[in-house]
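# Next input, structure requested:
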Amino acid sequence: QAAVTQQPSSVSKNVSETVQITCSGSSYYGWYQQKVPGTAPVTVIYNSNQRPSGIPSRFSGSYSGGTGTLTITGVQPEDEAMYFCGGYDGSSDAGQCDGG
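I've put the predicted structure just below:
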C-alpha cells in the first residue's frame, strides 16, 4: 500500500481556472507530470514546495498537517496530464488532470 494517497483521482477544469490536487501521507515529497503514458515523468514540485527551473510559475506546492497540495493557477491546455504524488519512501499515487 502506498504511503501517499492522492485526491481526486481525476479533475477537469476550463482554461484559466485553478486546479488543486491533494496528497495525504507522512512521506509526501512532491509532484510529477506525465503527459504521455510510458514516458518518464517530469518533476514539477520537489521538497514539498520547490519548483525546478523551467517549470512555469503557475505550478506551486504546499504542505500542511500531513497533506501536500499541488496548485495550478490558471491552468493551460498543455497542463493536461497525469500527475503523480510522490513520497520520500518511493511510494506514489496518480491522478488525471483534463483540460476543458
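# Export only the CA atoms of stretch 52-59, formatted as CSV.
Extracted in CSV, the C-alpha atoms of stretch 52-59 (Å, rounded to 0.1, in the frame of the first residue of the first chain):
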residue,chain,number,x,y,z
PRO,A,52,12.6,23.2,-10.7
SER,A,53,13.9,25.6,-13.3
GLY,A,54,11.8,25.6,-16.4
ILE,A,55,8.6,24.8,-14.7
PRO,A,56,6.0,27.6,-15.1
SER,A,57,5.2,29.7,-12.0
ARG,A,58,1.6,28.7,-12.2
PHE,A,59,2.6,25.4,-10.6
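# Need the mean per-residue confidence for it.
Averaged over stretch 52-59, pLDDT sits at 97.
# What segments of the chain are strands?
Applying DSSP state E to the chain gives strands spanning 5-7, 10-13, 18-24, 28-34, 42-45, 59-64, 67-73, 81-87, 92-99.
# who wins for proximity to residue 53 among those?
Smallest distance to residue 53 across the strands of the chain (C-beta to C-beta): 10.8 Å, for strand 42-45. Any C-beta I mention is one placed from the backbone N, CA and C, and that applies to glycine too.
# about what we covered before: which of the strands of the chain has the lowest mean pLDDT?
Among the strands of the chain, strand 92-99 scores lowest, with a mean of 65.
# Need the nearest residue in space to residue 49, chain neighbours excluded.
Excluding its sequence neighbours, the residue lying closest to residue 49 (C-beta to C-beta, 6 or more residues apart in numbering) is residue 61, at 4.4 Å.
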